[in-house]
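Student: Quick one: sequence and predicted model below, then my questions.
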Amino acid sequence: MKHNFYIPFLLFLIISLKTFASDPGRNYGCVIQGSPARLYFSYSKDGNPYNWGPNNKTSDGLYHIYNNNSSNYEIYNDTEANGYHCGVINSKFGEYNQVGEVCFVSSGGSYLQGDLATYSVNNSAYCGTNSLPIDNYAVILLLLMGVGGFFYIREYGVGFFDLTSEVK
């Protein structure tokens, strides 16, 4: 039956939209103060560790949780220093701004409380021009491939998994 194809496609679309809807977005991270302060940018999930606090939650009542087992950026807070430092977030150049929400970083079964912030790093005026990584556009590429694949399968079927005919 031709309509059997639409059910998995719609389920995939709904699951994909829910996954991307929870992520606060590109160039967001969780700042953990320390010496030096660090910004963790690998989003993990939304949750409420230890049923913590009544305020600063996302629209669905949860907090953004980031993973500390991934890459992170040091926040260079020396506003007196001269020059730009590549590979770190330079607070002197306004490369991060706290957005007024609490976030958490998971750390070996426990959580560190931090502040949600937007950030930029490696200003091309100081660190040279690097080509943008492809993973920044992965969502767009997946969407385009999905739409193209949908129309291809609709027109030609999928070979030995022909969804346009019934099994006899």
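Tutor: Structure received. Numbers count the residues shown, from 1 in each chain.

Student: and the nearest residue to S70 once chain neighbours are set aside, how many neighbours does it have?
Tutor: Excluding its sequence neighbours, the residue lying closest to S70 (Cβ to Cβ, 6 or more residues apart in numbering) is S42, at 3.6 Å. All C-beta atoms are positioned from the backbone trio N, CA, C, and that covers glycine. If you count neighbours by other Cβ atoms under 10 Å, S42 ends up with 14.

Student: residues touching S42, list them.
Tutor: 66-67, 69-72 (Cβ atoms under 8 Å, 6 or more residues apart in numbering).

Student: in the helix of greatest length in the chain, what counts as buried?
Tutor: Across the chain, the helix with the greatest residue count (assigned by DSSP state H) is helix 138-156. When neighbours are counted by 16 or more other Cβ atoms under 10 Å, the buried residues of helix 138-156 are found to be I153.

Student: In contact with Y84, which residues?
Tutor: Residues touching Y84, when contacts are defined by Cβ under 8 Å, 6+ apart, comprise 90, 93, 123, 126-127.

Student: Going by distance to V105, which of those residues wins?
Tutor: Using Cβ to Cβ, N90 is the member of these that lies nearest V105, at 21.3 Å.

Student: what's across from that closest one in the sheet?
Tutor: Counting by DSSP bridges, N90 is bridged to Y76.
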